[in-house]
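K.L.:
Make a model of this:
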Amino acid sequence: MSNLETAPSPKSVRQDIDFYKIFKVFFSRWYWIAGCVVIALIIARINLLYTPPVFTTSGQLQLKENNPSISTTQGIATQSYSYTDRIQAEGYVMQSSEVLLNAISNLDYKISYYNKGRIRSTETYPNKPFTIEIVKQDSVNFGRALYNVEPLNNTTFYLTYTENPKSQKKKYHYGQLIEEGNTIFKITSPITGPGQYSFKFNSKMDFLGRSIISTSEAGRFTNVMSVNITDGNPVFAADFLNEIMKEYVKYDIVQKRRSARQMVQFIEKQMGFLKREADTAGAKLANFKNKNKIVDLNSNAQTNIAKLGQFESQKMALDIEMIGINQLENQVSSNAGKIEMNLDIEGNISTLLGGLISQYNTLVLARENKLQQFQASSQLVKDIDEQIGGIRNVIQSNINSLKQRNLKTLALLSRQIVDVNQTLDKIPNKEKDFIQFQSSFDVNNKYLSLLSEKKLESELNESAVVSGAVIVNQATPPSYDYPISPDKQKVYTFAAMVGLACGFGLILLVRFLNPYIYDKETVEALTNTPIIGVIRKFPEYIDKDNRQALSLAKPKSVFAESVRSVRTNLSFLAANKKSKTICVTSEVSGEGKSFVTVNLAGTLALIDKKVVLIAADLRRSKLHKVFGSNNKIGLSSYLSGQKTLEEVTMHDEVHNIDFIPSGPVPPNPSELLHTESMKKLLEILTPKYDYVLIDTAPVGLVSDAIPLIRQSDVNIFVIRSGKSQFRAAAIPERLSREYGLSNWAIVLNAFGDDALHSNYYTTDYARGGGNSTYYYSDYSGYAGSGYYDDPKKWWEFWKKKDK
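P.N.:
Below is the predicted model:
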């Protein structure tokens, strides 16, 4: 049964929270809190020692406006972007595999060197403690585990390959070929510096996930992009970031020139075909003129020829444009990656389609970047794929609209060409043939001239291309003394806070799990039975037999005064009786009922009261040891008729106390105490003594004490601080209800100064409706008042002893 189930309902008194008591609860175990803080700080220190530091550095790029194009035809429709969107898009480009791999190629990446410390290894980049020459290495399948190197002397060293668990420490000479992990290499220079070193071979792909790169807008509404990189080596971080920015600038130029170069190549291919067609048409026209002696046509025929040539030129331009549209459609349908708009169709696409294509390319770059960290099946990549699929469908819809528009225009031009041809059919055959030759020649020459202009324009644009970004600030290596992670101050602060929380939590946990009574406030909250005193815990050694009557041995101690307080309050109980029979009991053994009985008897004897002490615990009594008795005869002998009262009664001359020991353990102790002889014994002793003190067996274990409790004038229930559980406080009330008794009182025994388990509230009976109470004190805080002869605490060494 739990403590809550066994505890009685609190009585109707006012209990106020005492914040000073709360402070004392935690302060009583300040060393727990301090210990938790110290342990937390030690753990934080160990964590800092084993956690590699992380450094960050940054550079800045200024993003320029799009390159101006030299156009001899219609203007190109452009779209406007915010700098934030553009910086985000360019950030994905900068983190693309192509840019990163090119940047890594410019670094000395093939071999990494490490200095082995007592706790962790540190990369030595850019320093090389020794030189390694790679003689032969598989480009992909080579060992990437660590090689441990230990110098032996100026000519030899030890080498261990960690990937092979069976590998033994081998001795090599400098310059000797070493074959391990699909790699042939040699160490050409002696190892410099103290300590042990290790190294490993790398590929460019090994560095892709090493550093964390992020981009942001350097300032609001500015075209400056800030690029940050974090890495465990500050020098490597700065070098890597600088190379990334350089390669990004180069990549930007290459990508912009690629479109112009593709245009030039396409135009050259078309010009070659048109030149042949123009030469053929010119030759046919010249032969026809010479053969038919035709010099010129009439004005009406010339007008029709001009219209036909114009329509043919427009149709050819649309045919070429349709080639570009089909190429764009193929790029979208193939799902091959970024979309490149070529063949001069930019001027005819809508702003919406251009924005969609830019957004599509941004998402493609974002997907490539995420694939470096996540699998294609991850939810993050799937979300990007879903967005790409949606935009692809919208782009396809826009391309279809553009194709339909061009097809309608082509159909209109075809009808107009048919109309002109029908008009030309009405003229003589020779003139009609001449018109056809002349029209073919003019169209080919006109479009050849147009392509020549386009080629010149594309070549000029290619030569005029500059990077859309300029490096404003290069990255510099941060100081080794200021890593961004771990932050020592934050780690120690967090550890101290956790230590404090653990310390306070430990105190609260111990209090929460505590099943014992420690102070009078707890007793007051659990029962209506009055408390007549709090006996302090004696600060010195007490022998196991309680042989010293401590209230007499230390008469000026706080302990003795607390016993006298119980003696004083006893005078108010059964005050109408000249002689009082007092029964002392407890819930279980070990709670100090015999100890309380002996010391209470001693204080009563000091004021010239005649006291007899009866050891009525016939099972495990130890009172005879206090008075030096052998316990061969006693109460059990008297109750069984073996001895008379005079024979079993002993007198202690030192303390002036009469004492009846328990005697030999009988086979029927409970029955003996229920006999008429026990009742008559009390009737005999009551007139002869002022106080008859009966030390009984624990009521929580056996029922031996019940007849004595019912015959006593006062029943004292002993609760020991830190020993008695919460359920013990309910026993006096339960016995009162069962046997109709109202003479119960409680004594709290062995109360100490430890505030850990004390209550945090104060009971105010003046505003409650509880039973009448008695004045008593727990004497907390009065030991050093000068009234008591108690030893000083160790921290009170500076106080002088009063004489």
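K.L.:
Can you dump the C-alpha atoms of the helix or strand where E683 lies in CSV for me?
P.N.:
Using DSSP states H and E, E683 sits in helix 676-688. Once non-C-alpha atoms are left out, helix 676-688 reads as follows in CSV (Å, rounded to 0.1, in the frame of the first residue of the first chain):
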residue,chain,number,x,y,z
GLU,A,676,-5.5,-10.4,35.3
SER,A,677,-2.1,-10.4,37.0
MET,A,678,-0.9,-7.6,34.7
LYS,A,679,-3.9,-5.5,35.5
LYS,A,680,-3.4,-6.1,39.2
LEU,A,681,0.3,-5.2,38.9
LEU,A,682,-0.6,-1.7,37.6
GLU,A,683,-3.1,-1.3,40.3
ILE,A,684,-0.4,-2.1,42.9
LEU,A,685,2.2,0.2,41.4
THR,A,686,0.0,3.2,40.7
PRO,A,687,-0.5,4.3,44.3
LYS,A,688,3.2,3.8,45.1
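K.L.:
Name the surrounding residues that touch it.
P.N.:
579, 581, 610, 612, 614, 638-639, 641, 645, 672, 692, 707-708, 711 (C-beta atoms under 8 Å, 6 or more residues apart in numbering). All C-beta spots, glycine's among them, are computed from the backbone N, C-alpha and C.
K.L.:
Quick check, pLDDT for the closest residue to Y113 other than its chain neighbours.
P.N.:
Of all residues not flanking Y113 in the chain, T124 sits nearest, at 4.5 Å (C-beta to C-beta, 6 or more residues apart in numbering). pLDDT for T124: 90.
K.L.:
Now do the contacts for T124.
P.N.:
T124 touches Y113, Y114, N115, Y197, counting by C-beta under 8 Å, 6+ apart.
K.L.:
re the thing from before, in the helix holding E683, what counts as buried?
P.N.:
Across helix 676-688, burial judged by 16 or more other C-beta atoms under 10 Å covers M678, L681, L685, T686.
K.L.:
Specify the local secondary structure of N153.
P.N.:
Taken by DSSP: H, G, I helix; E, B strand; the rest coil, the conformation at N153 corresponds to coil.
K.L.:
For the residue nearest the centre of the chain, give its distance to L513.
P.N.:
Geometric centre of the chain, nearest residue: F494, 11.5 Å, by C-alpha atoms, centre = their mean. Distance check for F494 against L513: by C-beta to C-beta, to the nearest Å, it reads 27 Å.
K.L.:
before we move on, what about L41?
P.N.:
Counting by C-beta to C-beta - L41 and L513 are separated by 27 Å.
K.L.:
those strands in the stretch 101-250 of the chain, which residues are they?
P.N.:
111-116, 121-123, 132-137, 147-151, 156-161, 170-173, 178-180, 183-187, 196-201, 212-217, 224-231 (DSSP state E, counting those that start in this stretch).
K.L.:
my bad, should have said the stretch 701-803 of the chain
P.N.:
714-720, 744-751, 761-764.
K.L.:
partner strands of the longest one, parallel or antiparallel?
P.N.:
Sheet neighbours of strand 744-751, with direction, are listed as strand 531-536 (parallel), strand 714-720 (parallel) (DSSP bridges).
K.L.:
I'd like to know how many residues surround the nearest residue in space to P707 that is not next to it in sequence.
P.N.:
In this structure, P707 finds its nearest non-sequential neighbour in H674, 5.0 Å apart by C-beta to C-beta, 6+ apart. Neighbours of H674 under the rule other C-beta atoms under 10 Å: 17.
K.L.:
Now do H674 against H173, distance only.
P.N.:
For H674, the distance to H173 - C-beta to C-beta - is 102 Å.
K.L.:
what do you get for G91?
P.N.:
Where H173 is concerned, G91 sits at a distance of 50 Å (C-beta to C-beta).
K.L.:
higher neighbour count, the two?
P.N.:
Between G91 and H173, G91 has the larger neighbour count (other C-beta under 10 Å), namely 20 against 11.
K.L.:
which residues touch that one?
P.N.:
Here G91 is in contact with S214, T215, M225, V227 (C-beta under 8 Å, 6+ apart).
K.L.:
Quick check: the second one touching I229?
P.N.:
Right, T215. No: taking contacts as C-beta atoms under 8 Å, T215 lies outside contact range of I229: 10.1 Å.
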